Every structure is written in C-alpha cells, then in structure tokens.
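1. based on what follows, work out the 3D shape:
(2 chains)
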Amino acid sequence: MIRLENVTKIYKGEVPALRNASADIAKGEFVFLVGASGSGKSTMLRLMNRAEQPSEGIVWVAGKDINELPPWRVPYLRRDIGSVFQDFKLLPNKTVVENVAFALEVIGKPSHVIRNQVPAMLELVGLSRKHTSFPHELSGGEQQRVAIARAFVNRPLILLADEPTGNLDPETSEGIMRLLDRINRTGTTVVMATHDRTIVNSMRRRVINLDRGVIVRDQARGVYE
Amino acid sequence: MKASYVVRETGANLRRNITLTVASILTVAVSLTLAGVGWNLYRGVERATNRWGEGVQFVVFMQPDATPDQVDSVKKALESNPEVRSARYVDHNEAFVEVKRIFKNGSVAEVFKTPEEVPTSFRVVPLTKDADQVENLADLYRPRAGVHSVTVPGDALRRFQRFTRFFVLVFVIVAVASLLSAGLLIVNTIRLAIFSRRREIEVMKLVGATNWFIRIPFMLEGLVQGLVGALIAWGGSWAVNHALRNSLLKGVKADSTDTLQLLITQSGAIRTTGIALVVIGTVIGATASGAAVTRFLDV
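-> Here you go, the predicted model:
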C-alpha cells in the first residue's frame, strides 16, 4: 500500500530530516512510527500524502510514484488518504455535523450521499448526540473523534495520524485508540506517529523506530522500548 | 462544483471583509467614473469639433450697415468661386437670435438692441480641408466692400482641441492611476480573505478539494467587486452626463444642431461606455484576484 524507497528529505539548508529510509507497509496494516521529537516521524507522514516531496528516493502509494503525479492529481490522491492531527484542525465556526460534512462537500459529493454518510460516521465515533455542538463545546477526546470522523467519512484506503493522542489524557487516549483499531479492522491501513509508550506497548503492532532521521528498528508486534 | 456552494462561499467572503470590500468597490467605482466621464467628454469634443471642421470653415462677417448690393456682390463672388462648396447667408434676424443665445445674460448681448445692429454673415464651406488653403481663400474676401471681417476658426479650433485633449490626458492618467490602486486594493482584500480562511483552506487541501474548487470563490470575490464598482461607475457617468445636459442645454431645442448639443453624449453612447466600463471593471477584478490567488494561495 505504501512503500518508501531510500527516501531522504532535507529541508532548506538544514540537516536531513529523513535519511535513506525504506519501508513497506501492506494494505490493512497498523503501523506505529516512534522516536523522539525531531526524529522524522512527521516528515515521514507528510511524504506519504505529498505534503512534502522527498529530496531523494521514491514514495509509492497504492502502486503509484506519488511524486510523479502532476499537481492537479494530488487532491485525488488525498481523497484516498485521511489525516488526523494532534491539534484536531477542526473549523471553529462549524458544528460537529458541518465539520464532517465539509470534507464531503468540498470534494463535490452529492447532498444525499452527505446526508447518509455523515450520521453513520458520527454513530461510529460515538458523537451522534452532539452533532449540533461546536468544537469549543466539546472535550479534547470528543474533538479528536470529530476529526477522525472527518478523516474517515470518505472511506479512504489509508489513515495517517500524527500524534492523535498527544493532547489527551490516558483514558481518553485509550478510547481514541479503540476507534483507530476499529477503523483498521475495516481494512484501512493506519500509520500513526506517537510518543505514547503505553499505547504502543499495549497494542503490540508493527513499530518503526526513527532516530535523527534514520530507521533504527522495524519490528512486527513491537514495543516502544 | 455546485453553484450553491460557490454563491454561498463568495457571499460569505464578501461579508467577512465588508470594510475592505466596500473600499475596493468604491475605488473601482470612482476610477471608472472618471474614465467614463473623460471618455464621454472626449467623444463629445471630437464630435463637436468634427461638425465644426466639416461644416463651416470660415465666416465672412458683413458690416452692419452693408448695402444689399454689397451683400449680393459678396454672395455672387462666393458662389462663383470653384473652391467654395457652399455659402449660407445668415440674415439679421437669425444672427440676432444666435447672439442672444450664445451670449445670454452677457454684456455682448446688451450691445445689440435690435436685429439690424447685428452683423450678417456668410457661413462658407470650402472644398479643401487644408488650413493654409482655407486661410488663402478667406483672404480673398477680406478686402471686399461691405465686409467687416473674415474669421477662420482653424486656429481657435486647434487650440480648443489641444486644450481638451490635455484635459482628457489628465483624466486618463488619473483614471489609470486610480484603477491601478483599485486593483492593488482588490489584491489586498483577497489576500486578507485567504488569510482569514487559512484553516479552512488547509482542511480543504487535506481532504482533497481540487485547486480550482479552493480558488474559485476567491476569484469570484474580486470579480464581483470589480463588477459592482463598474455598475456604480456606469450610473455615475450617466449622472454626470445628465447633469451636464441639464445645465448646458437648458432652453436649447433637442433637435438643434447646436455645437453644445454635440458635446453631450446621447444615451445610446452612454450605454456603450457603460458596457465598456463593466468589461474593464470585471477584467480588473478578475485579474487582481487571480494575481492574489496565485501569489498567496498555495494550491
């Protein structure tokens, strides 16, 4: 599903954020990217949805070299990739249901599809009763659920999560992880960057450990260390 | 892309930056009004001077006390001259009416108490349009008995044209400068709109909205500002023309061939100017917002 071939990323005039990284992530896998701040986790995620382009190497997604895509094709690539962030990136002036519907609306989905899929997705993330609330009226965990609903409402093949539990307490984080696990069971490939030792150790999924831009460990059913 | 989405988003953008939106629209309106009024005046002056230039080329004024024989002799000399296309005699009564009209309320009008005191004249149209040849032709009649003077309007006309062209040039420079500032103001308005919606744009990019889907509401925002400004300018240039007509043409018959009449642009031509203003306004709005979107919207 995702393959990195000897990928190096150097931001202008800085030390490499990622050095000669190679990894192969199969369809339906759940992968943790772990490592200290600045180890290259976020860069790796950003390379996977072409938010960045590699300085060297090739990034394959769903069988395509995504850096060969013409710019106008990039939005279509992103429709197959959901993204979740530590800071949720919800629109504060839109309600829960509007935030989720927005993702379908801006890719031109017809309104009957939006009317069907949005309530189903809110049901999945357990926020049906709060669909008319605004983000500031929700707890952090609830806000992250809205963000996940928005990322997943278009049923993408891949879900990229950059520290999705970074702002949440352990209990709430556990709920979010159960949700991501459930999404993963539908066949969606999940790649999650995290610092959270407890989560990684309890889930026992594949772990890719980065250290200063280098993959130092790639372990199936791994732990944080 | 759904039309309802585009209308809603464009409307929201326009409302969100209402003060800048109004500023942009007014700047476009003022600059295009200047351009429109300048253009209408330019056209009017061209029409008036053309009529004058193609019509009477020089005027032979008779002495007020010239005898009918003298008048007749000049008339014959004009009509027999192969260089003269036509010569029309303006008698005392007609000249008196004209003087009263042109110099109404003026001291000149008070000099002439009766039609007999006003000099009669011949309005002569020569075949040639060359200013020097017209001058030579006019010289033939200066020494004739009963002739008071011969006026060749060429020089005065050329000075008048130069004068108005200078003003039109000033109009054009001011209009272009203010149009440029209108364009820059629109660029800035769109820039602010993009900035105030940066979170939304970020999310749109993340979920795979196409670049045009993101761009179009912003581009339409600038286009609407240009268009509305131009429509106001259309009204403005019409109003200025209307006011000119009312003040200049008071008491002048509508079918008059008076030079003043020619200065005023007729409603058909106002419509043409208006449509041109709308096209210019729309193009400026679209270009400015296109530039802003290209420069500040990283899609």
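
2. got the residues of chain A near chain B?
-> Taking CB under 8 Å from any CB of the partner chain as the contact definition, chain A meets chain B at A:49, A:71-72, A:75-79, A:82-83, A:89, A:91-92, A:102-103, A:105-108, A:150-151, A:154. Quick note: C-beta positions are derived from backbone N, CA and C, even for glycine.

3. show me what from chain B comes close to chain A.
-> For chain B, the contact set with chain A under CB under 8 Å from any CB comprises B:1-2, B:5, B:199-200, B:202-211, B:213-214.

4. quick check on those residues: which are buried?
-> Buried members of the residues of chain B next to chain A, scored by 16 or more other CB atoms under 10 Å in any protein chain shown, are B:200, B:203, B:204, B:205, B:206, B:207, B:208, B:209, B:210, B:211, B:213, B:214.

5. pull the contacting residues for the residue most central in space within chain B.
-> Nearest to the mean C-alpha position of chain B, counting by CA atoms, centre = their mean, stands residue B:40 at 1.7 Å. The contact partners of residue B:40, by CB atoms under 8 Å, 6 or more residues apart in numbering or on different chains, come to B:237, B:240, B:241, B:265, B:269, B:270, B:273.

6. would you mind extracting the C-alpha trace of the helix or strand that contains residue A:173 into PDB?
-> Taking DSSP states H and E as the criterion, residue A:173 maps to helix A:170-185. Taking Å, rounded to 0.1, in the frame of the first residue of the first chain, the C-alpha atoms of helix A:170-185 are listed here in PDB:
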ATOM      1  CA  PRO A 170      -4.500   8.300  29.100                       C
ATOM      2  CA  GLU A 171      -8.100   7.300  29.400                       C
ATOM      3  CA  THR A 172      -9.300   9.400  26.500                       C
ATOM      4  CA  SER A 173      -6.300   8.200  24.500                       C
ATOM      5  CA  GLU A 174      -7.400   4.600  25.000                       C
ATOM      6  CA  GLY A 175     -10.800   5.400  23.600                       C
ATOM      7  CA  ILE A 176      -9.200   7.100  20.500                       C
ATOM      8  CA  MET A 177      -7.000   4.000  20.000                       C
ATOM      9  CA  ARG A 178     -10.000   1.700  20.200                       C
ATOM     10  CA  LEU A 179     -11.600   3.800  17.500                       C
ATOM     11  CA  LEU A 180      -8.500   3.700  15.300                       C
ATOM     12  CA  ASP A 181      -8.300   0.000  15.800                       C
ATOM     13  CA  ARG A 182     -11.900  -0.400  14.700                       C
ATOM     14  CA  ILE A 183     -11.200   1.600  11.600                       C
ATOM     15  CA  ASN A 184      -8.100  -0.500  10.900                       C
ATOM     16  CA  ARG A 185     -10.300  -3.600  11.100                       C
END
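
7. which strands or helices does that helix pack on?
-> strand A:30-34, helix A:111-125, helix A:140-152, strand A:158-162, strand A:189-194, helix A:197-203 (3 or more CB pairs under 8 Å, 6 or more residues apart in numbering or on different chains; DSSP states H and E).

8. show me the shaky parts of chain B.
-> Applying pLDDT under 70 to chain B flags the ranges B:1, B:48-57, B:102-110, B:129-131, B:153-158, B:161, B:249-263, B:265-267, B:299.

9. just give the nearest non-adjacent residue to residue 220, would you?
-> Looking at chain A here, since you left the chain open. residue A:206 (5.2 Å; CB to CB, 6 or more residues apart in numbering or on different chains).

10. chain B was what I was after
-> The shortest distance from residue B:220 to any residue other than its chain neighbours is 4.5 Å, reached at residue B:10 (CB to CB, 6+ apart).
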